[in-house]
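**Q** sharing a model that was predicted from the sequence below.
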There are 4 protein chains.
Amino acid sequence: MAKILVCYYSRTGNTEKMAKAIGQAAGEVPGAEVDVLPVGKVGAGDLREYDAIAMGSPTYYGSMAAELKTLIDESVAIHGQLEGKVGGAFSSSANVGGGNETTVMDILKALLIHGMVIPGMARGDHYGPVAIGEPDDRATAQCNPIG
Amino acid sequence: MAKILVCYYSRTGNTEKMAKAIGQAAGEVPGAEVDVLPVGKVGAGDLREYDAIAMGSPTYYGSMAAELKTLIDESVAIHGQLEGKVGGAFSSSANVGGGNETTVMDILKALLIHGMVIPGMARGDHYGPVAIGEPDDRATAQCNPIG
Amino acid sequence: MAKILVCYYSRTGNTEKMAKAIGQAAGEVPGAEVDVLPVGKVGAGDLREYDAIAMGSPTYYGSMAAELKTLIDESVAIHGQLEGKVGGAFSSSANVGGGNETTVMDILKALLIHGMVIPGMARGDHYGPVAIGEPDDRATAQCNPIG
Amino acid sequence: MAKILVCYYSRTGNTEKMAKAIGQAAGEVPGAEVDVLPVGKVGAGDLREYDAIAMGSPTYYGSMAAELKTLIDESVAIHGQLEGKVGGAFSSSANVGGGNETTVMDILKALLIHGMVIPGMARGDHYGPVAIGEPDDRATAQCNPIG
């Protein structure tokens, strides 16, 4: 059995919709147990309980929201204990060219520094799923790479 | 009088269309003299003749095409002589989330290392104009920030 | 007269030392008035009062500390009002290859999105001053590019 | 048996030394067969023969040399066939803060887009080994993370 966490911050609900779509897709993996939780309900220590962690945030000034960065900064307390876990990232932004790619990459950088393993995708959104505003059919499909 | 260079690499013609739109917009600046040239017609030494330089490339594997990178690598011969010039970047990619933002940022990194001055934009494409495939009205408008 | 702000977050004091060195160098510019302030003493609205703003942070998981990101996120309230101001960034990290470059770039991305103008440097630390641990002579000299 | 490729571009020999140190470390993995080859001796199609690929380059203007980017651009001919392979990156730069981190990240972006799997490191150089000039003991040790 694989425990999967989809952890997100969302104000408008756009990133939350992506999180739920990713969680639903992950839930279809045989043996997977999935939690979809906002950052406020995840402590840094909780991250150790999962085999795979996807983190998502709206794009604020080209990077993740401070709320998600706070969780990441606090995770220094368990540094080394996430090694080898699978990681991924996703983001919604107001516009095309609005910083969603750099946000996804900034989250991935943090997960790499934790020693996590990042699987790329040869098809679809290159670094991780992105949405322009409310996730449309394209963005929602990206949230389900195995769908 | 300000001399402006829009230098691009393009295979499909999408990035070339962006270059021409940027060149046209720049040409409307009073006193501006604008050259829009493919990388093959620009030597590293030529870059010294301009007051402002915009570089554009399609997005290949999340960064600029090797053809543009070759010009940038060769510009080490004139390193220091572009200091204080104004720089900008643009890119077209096949898809949303397809790496155009990281391509633009990679070009900007090179221009910063040359000591050039990069003006950001509070409105519109955050790091520089991007197009998804052939430039649509949105992308073309981004190429004319003063229009 | 130019008003310059050096705004930083620091826990160990390393980034603070860089901020003070930058502030001292800036103070030698004729007509400059310089404030060197920790993020806790700077409100987003205060940023409008300056002609040039340098922001610095230790490197936490490859990017700026959440404390600085919080200030940047809050600055959305004055979005558009920083256009044309000069921006810069600096960071200290524990190790070489420890994420200081990506931290500096992440701050610069935010300043570009504010429409600020980023001057690169053809000599020295490519994106902005970095220190490995406590700033040594090399790092301190980088904080004074005109020294 | 695992086939591992360490592919590099080097002019001064610094990156080549890193490649050889990585190749030596990889060769100590039981069952590993390692090739350490300059980009000129690797065709895009050859990449398919390996289970793990590390790519290295000196830092030129904040990113990989055009010679390595050319190989990556040409690999579009086999796009999709590298999915699931393990990837890594390394770089040497002239100076601290000289762009080696952004070079490593730019290579990793390309490998992610190929659908490769990137293992991070919780200890040591955060995105991949970096050297300042000729690899010193610190940098050489980074090239042997399992050493």
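**A** Now that the structure is in, tell me what you want to look at.
**Q** now do the contacts for the residue most central in space within chain A.
**A** In chain A, the centroid-proximal residue (Cα atoms, centre = their mean) is A:Met55; its distance is 2.3 Å. Contacts for A:Met55 (Cβ atoms under 8 Å, 6 or more residues apart in numbering or on different chains) come out as A:7-8, A:64, A:68, A:72, A:87-90, A:107, A:111. C-betas here are computed from N, CA, C, even on glycine.
**Q** which of the residues you listed lies closest to chain D?
**A** A:Leu111 (6.5 Å; Cβ to the nearest Cβ).
**Q** for the closest one, what are phi and psi?
**A** Main-chain dihedrals, A:Leu111, degrees, to the nearest 10: phi -70, psi -40.
**Q** sorry, back to before: state the helix or strand in which the residue nearest to the centre of chain A lies.
**A** According to DSSP states H and E, A:Met55 maps onto strand A:52-58.
**Q** chain C contacts on chain A?
**A** Within chain A, the positions near chain C by Cβ under 8 Å from any Cβ of the partner chain are A:60-67, A:69-70, A:72-73, A:75-76, A:99, A:102, A:106, A:109-110, A:112-114.
**Q** around chain D, pick out the residues from chain A.
**A** A:79-80, A:82-84, A:87, A:105, A:108-109, A:111-123, A:126-127.
**Q** residues contacting A:Ile4?
**A** Taking Cβ under 8 Å, 6+ apart, one finds A:23, A:26, A:29, A:32-35, A:50-54 in contact with A:Ile4.
**Q** which helix or strand lies directly C-terminal to whichever strand or helix holds it?
**A** Per DSSP H and E, A:Ile4 falls inside strand A:2-8. Counting by DSSP H and E, the next helix or strand C-terminal to strand A:2-8 is helix A:14-27.
**Q** what's the helix or strand that comes right after that next one in contact with?
**A** Using DSSP H and E, the helix or strand that follows helix A:14-27 in sequence is strand A:32-38. Here strand A:32-38 makes contact (Cβ under 8 Å, 6+ apart) with A:1-10, A:16, A:19-20, A:22-23, A:26-27, A:50.
**Q** would you check that A:Ala94 makes contact with A:Gly133?
**A** Yes. With contact defined as Cβ atoms under 8 Å, A:Ala94 counts as touching A:Gly133 (6.3 Å).
**Q** rewinding a little: what strands line up against the strand holding A:Met55, and which way round?
**A** strand A:2-8 (parallel), strand A:86-93 (parallel) (DSSP bridges).
**Q** okay, and for chain A, where does confidence drop off?
**A** A:145-147 (pLDDT under 70).
**Q** and stretch A:79-95, end to end?
**A** End-to-end distance of stretch A:79-95 (Cα to Cα, to the nearest Å): 34 Å.
**Q** tell me the buried residues in it?
**A** For stretch A:79-95, a neighbour-count test (16 or more other Cβ atoms under 10 Å in any protein chain shown) marks A:81-82, A:85-93, A:95 as buried.
**Q** okay, the angle between the strand holding A:Ile4 and strand A:32-38?
**A** Inter-element angle recorded for strand A:2-8 and strand A:32-38: 20 degrees (by axes from the mean of the first three to the mean of the last three Cα atoms, to 10 degrees).
**Q** so how far is strand A:2-8 off the chain centroid?
**A** Relative to the centre of its chain, strand A:2-8 is centred 9 Å away, using Cα atoms, centre = their mean, to the nearest Å.
**Q** got the angle between it and helix A:14-27?
**A** 170 degrees.
**Q** buried residues in strand A:2-8, which are they?
**A** For strand A:2-8, by 16+ other Cβ under 10 Å, it's A:4-8.
**Q** alpha carbons only: can I get stretch A:30-46 in CSV?
**A** The C-alpha trace of stretch A:30-46 is given here as CSV (Å, rounded to 0.1, in the frame of the first residue of the first chain):
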residue,chain,number,x,y,z
PRO,A,30,-4.5,0.0,-6.8
GLY,A,31,-3.5,0.0,-3.1
ALA,A,32,-3.1,3.8,-2.8
GLU,A,33,-4.4,5.6,0.2
VAL,A,34,-4.7,9.3,-0.5
ASP,A,35,-5.0,12.4,1.7
VAL,A,36,-5.8,15.8,0.1
LEU,A,37,-5.1,18.4,2.7
PRO,A,38,-4.6,22.2,2.8
VAL,A,39,-1.3,23.4,4.3
GLY,A,40,-2.9,24.4,7.5
LYS,A,41,-3.8,20.8,8.3
VAL,A,42,-0.3,19.4,7.6
GLY,A,43,2.5,19.6,10.1
ALA,A,44,6.1,19.2,8.9
GLY,A,45,6.4,15.9,10.8
ASP,A,46,3.3,14.5,9.1
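**Q** show me how far it is from its chain's centre.
**A** Worked out by Cα atoms, centre = their mean, stretch A:30-46 lies 11 Å from the chain centre.
**Q** please apply the same query to stretch A:55-67.
**A** For stretch A:55-67, the distance to the chain centre is 11 Å (Cα atoms, centre = their mean).
**Q** next one: stretch A:87-100
**A** That offset, for stretch A:87-100, works out to 11 Å (Cα atoms, centre = their mean).
**Q** and for stretch A:118-135?
**A** Distance, centroid of stretch A:118-135 to centroid of chain: 10 Å (Cα atoms, centre = their mean).
**Q** from one end of that stretch to the other, what's the distance?
**A** 23 Å.
**Q** hang on, A:Tyr61 packs against C:Ile72?
**A** Yes. The pair formed by A:Tyr61 and C:Ile72 meets the contact definition of Cβ under 8 Å, at 5.0 Å.
**Q** quick check: A:Asn144 touching A:Lys20?
**A** No. A:Asn144 lies out of contact with A:Lys20 (Cβ under 8 Å); the separation is 11.1 Å.
**Q** distance of A:Gly84 from D:Tyr127?
**A** Plainly put, A:Gly84 is 17 Å away from D:Tyr127 if you go by Cβ to Cβ, to the nearest Å.
**Q** ah, wrong one, I meant A:Gln142
**A** Relative to D:Tyr127, and taking Cβ to Cβ, A:Gln142 is found at 25 Å.
**Q** and if you look at A:Val36?
**A** Counting by Cβ to Cβ - A:Val36 and D:Tyr127 are separated by 29 Å.
**Q** over to A:His126?
**A** A:His126 is 17 Å from D:Tyr127, where distance means Cβ to Cβ.
**Q** just A:Ala94 next, same as before
**A** Separation of A:Ala94 from D:Tyr127 (Cβ to Cβ) stands at 29 Å.
**Q** burial measure for A:Lys69, as a count.
**A** 29 (other Cβ atoms under 10 Å in any protein chain shown).
**Q** now do the host helix or strand of it: distance to the chain's middle.
**A** For A:Lys69, the element it lies in under DSSP H and E is helix A:66-74. In terms of Cα atoms, centre = their mean, the centre of helix A:66-74 is set 13 Å apart from its chain centre.
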